Each structure stands twice: as C-alpha cells, then as structure tokens.
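In: model this:
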Amino acid sequence: MRVRALLILILTSVLITHAKVDIFTCETPADIVILVDGSYSIGLANFQIVKSFLGMFIRSFTVGSNQTRIGLVQYSGDPRIEWHLNTHSTKEAVINAVVNIPYRGGSTRTGLALTYILENSFRAESGSRPNTPKIGILITDGKSVDDVLSPAQTLRDAGIELFAIGVKDAVKNELRAIASPPEETHVYNVADFSVMSSIVEGLSRSVCERVSELSREISVNIHTCVTPAIADIVILVDGSWSIGRLNFKTVRSFLGMFVRAFAVGSEQTRIGLVLYSKDSWIEWNLNTHNTKGAVIDAVKNLPYKGGHTLTGLALKYILENSFKAESGSRPDVPKIGILITDGKSQDDVLSPAQTLRDAGIELFAIGVKNADENELRSIASPPEETHVYNVADFSFMLDIVEGLSRSVCERVSELSREISGEEVSAAPSDLLTSELTVRRFCVTRPADL
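Out: This next block holds a predicted model:
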C-alpha cells in the first residue's frame, strides 16, 4: 500500500510539473485563494489527485506579483496557511509549492475554514490588493461538521466570489449554499476523485470570465448614496428574446453595480425586481431581501426568460403588485420605478406610465440598442436629462451606472424632504450642477408625492 502511494506521489509530481494542458491562459489579474479539504476521508492517494488537479488549474493563469496571485489554505479540524498570496511570484513557484503540500488529516470544519481565509488570506499583509477581483475556491469531499451559511455569506458580502467543488460524498446543497451565484458556473460536483480532471477546463474558464467581469466592474466609478433618505425602488427588467443571454449577463452586472450605490436594509432602501416579456414575474419583492449582499446575490441568479416586449402591461403590473403594502412598500417613503428595455413595446405605455406617475412613483427609463427614445421619454418622469438614459449597445451600459445612481439618489433626497414638508434647497453636495438643479426644481410634481 505504501509502495502504491509512493508511486502515485511520484506520478503526480511529474504530471503537475510537466503537464501541458491545452486550454487557455487567463491574463486578467486576480487574487485567488484556494481552500483545500485535507480531512481523513480524502486519503493520501486521493490527495495526490487533488494536487494534480490544482497544478492543471494554476497553469491556466498568468501568475505574477502584478498579475494573478494564488494563495492556498489546507483545512480539516483547523485551517493552516500553506502559502500567502504574496509568497510566490511565478507560476512555476506556485506549482512547485502544490507538489510539496503535505496531507494533514482531521475532521471537516468548512465553516471555520471559510472564516479563516477572510480573516487571514484576504488581507493586505497577506498580499490581497485593493481594486483587484478576489476569488475563493473550495475543494471538499464531505459534509461540514459546522455551519457554512453565515461564513460564506460574510465572504460574499465582503466582495469575494466563491466557487465550490465537491467530490464523492460532498453535499450538493451545502456547495450551493457556499458558492456565489449562479450555480451553473460556480458549483462543480464529481462522483470520484479520478474524474476531477474533467472539470478543470470548465472551472478555469468560469473563474477567468468572472474575473474579467469583476475587473471591469471595479474600473467603473460607482456613486455612493450617502443621503439618509430611504426609498422603495422597484426595477423592471425586460427579459425578451431580443436581448439575448450574453447581453443579459451585462444587465446583471449593471444591476449589481447599481445596487451597490445604496444602503440596503429593511429600515433603509428596499429594492424589488420584476422581470417581464410577454408576461411579468416578481423575482423578489421589496421586503424579500434585507441586506445589500442578498440583493446582489439575487441579481446574479436572475433568470433569462425570453418572449415578446409588453412594457405597458409590465408597468401596470408593478403598480398593482410591487408597490403594495404586502409586498413591502411603505407609506411616506419615496417610491422609484426603474425600467430597463432594449426595444419598442408591443402595447401602449402612455396610460400605464401616467397612472404610475399620478400615484407618486418617480420613473426612470433606460433604453439599450433598439429602444425607442420617444417611448422612453413618454414613460419617464421629468426632467428628461436625469430620468432618461439611452445607450447604443449593451457594452456601454456600465458607463451610465454612476449617472443613474447619482440621479436616483438625489431625487430620493428631494422627495424625502418634500414628504417631510422641508423646504427644498440647492445646498446638498450630491447635486450634479447648479444649472441642472434649477431645471429639476422647476418641475411640478404630483400633489400626492
């Protein structure tokens, strides 16, 4: 048995050091921390296969002090840092470190390990960099003996994207609870260690694609809404066939960045979302999610449905279903509706939009690609300069996040003062320009706002 284990160790070392896996190279920098289950249930022979898998995965990335950094923690009963993000500055050094990882054994305390990497690995002194995508990758073969839900959510709330790989006796529901959404690209489960190599390319691509998306999101300026005013915001998203699945991913990124601008909570800003095409669906109500992280996770899980574009019906739907007390809409709180669409509606939008505005709901309209600008103007509340946005292509959506979030934030602050009976002045520092302020304050709002 010892001879067999030794042969596997030698073979694994050769595979990791010399294997040329024909996949691709990810060149976008990231801070990646790998969390490896080294508990007794894995066994020495399977642990060598895990190391081979890690070697192949690492070969997909451009490793360097100014490129992708890779750290690794092994855990069982207690976590242990094998090396920090800033320990090795070349791909070869990281791969050699993988070859030399000792197998430790012990029980499976995944929750403790998740907390450990947040407190120890994703730190500046450990090599974690600001404004760099942060990725955590868990590899485990069994069910944790401690809670994983809270530590995983804390990591995700801290902006760390989590991928979960389960082997053999791993519990899929537990993997889902740990990983960032969507499940299709962030959760991997294989029946045996011997087939781990079959998922290395898919995992590498998914990590690389998400790193690229995160890198772009980080580069976009996001306005932070610092006003103490709270609001009920319902986002109405066109999910029709004309958008397409690839562009819908950009819509998700756009929504995630918009949500980050606000202080989300049951007593702060509440955010609900309705997806529509031919029909409308409440994806979540205003009172469904009580934290910013929970809303962002829900955005990442937003499904693409397809269908025709019936915007008028959707506008009517949110008035009758989303802006209701039972859905979390509060009295004496500014109410905001934000429409995102890429085409012309196949039904009337004028009457439903006017009904919403008459009910005191401030409407913003975002058009992409083939959206009808006149239709957007007819839907949105005035003034057009701050309430209507139109971009030529989905690739430009992220460019308007800051302007939209700033405009919504400022209008929420104004509406809040109007509701409380305070005099609106041009003093707040959030205002875009004095000229724009004059135009906005000259607008006559409905009496019931």
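
In: and Trp281, helix, strand or coil?
Out: Under DSSP: H, G, I helix; E, B strand; the rest coil, Trp281 falls in the strand class.

In: which ones are touching it?
Out: Val274, Leu275, Lys305 (CB atoms under 8 Å, 6 or more residues apart in numbering). C-betas here are computed from N, CA, C, even on glycine.

In: swap in Asp157?
Out: The contact partners of Asp157, taken as CB under 8 Å, 6+ apart, are Thr291, Lys292, Gly293.

In: closest to Asn285 among the contacts of Trp281?
Out: Distances from Asn285 to the contacts of Trp281, taken as CB to CB, are shortest for Val274 (9.4 Å).

In: quick check: bridge partners of that closest one?
Out: For Val274, the beta-bridge partners under DSSP bridges are Leu236, Ile282.

In: quick one: neighbours of it, just the number.
Out: 23 (other CB atoms under 10 Å).

In: then Leu203?
Out: As a burial measure, Leu203 scores 20 neighbours (other CB under 10 Å).

In: quick check: which element contains it?
Out: Per DSSP states H and E, Leu203 falls inside helix 200-219.

In: the residue lying closest to Ala177 once chain neighbours are set aside: neighbour count?
Out: Nearest non-adjacent residue to Ala177, counting by CB to CB, 6 or more residues apart in numbering: Leu149, 5.4 Å away. By other CB under 10 Å, 12 other residues sit near Leu149.

In: ok, now Pro29?
Out: The tally of other residues near Pro29 (other CB under 10 Å) stands at 20.

In: for it, grab phi and psi.
Out: phi -60, psi 150 (degrees, to the nearest 10).

In: before we move on, what about Leu310?
Out: As for Leu310, its main-chain torsions (degrees, to the nearest 10) stand at phi -120, psi 80.

In: returning to that earlier point: pull the CA atoms of the helix holding Leu203 into CSV?
Out: As requested, the backbone C-alpha atoms of helix 200-219 are provided in CSV (Å, rounded to 0.1, in the frame of the first residue of the first chain):
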residue,chain,number,x,y,z
VAL,A,200,-10.6,21.7,-14.8
GLU,A,201,-11.2,23.5,-18.1
GLY,A,202,-14.7,24.4,-17.2
LEU,A,203,-13.7,25.8,-13.8
SER,A,204,-10.7,27.7,-15.2
ARG,A,205,-12.9,29.3,-17.9
SER,A,206,-15.7,30.2,-15.4
VAL,A,207,-13.2,31.8,-13.0
CYS,A,208,-11.4,33.7,-15.8
GLU,A,209,-14.7,35.0,-17.2
ARG,A,210,-15.9,36.1,-13.8
VAL,A,211,-12.5,37.8,-13.0
SER,A,212,-12.8,39.7,-16.3
GLU,A,213,-16.4,40.8,-15.4
LEU,A,214,-15.3,41.8,-11.9
SER,A,215,-12.3,43.7,-13.2
ARG,A,216,-14.5,45.8,-15.5
GLU,A,217,-17.0,46.4,-12.7
ILE,A,218,-14.2,47.6,-10.4
SER,A,219,-12.9,50.0,-13.0
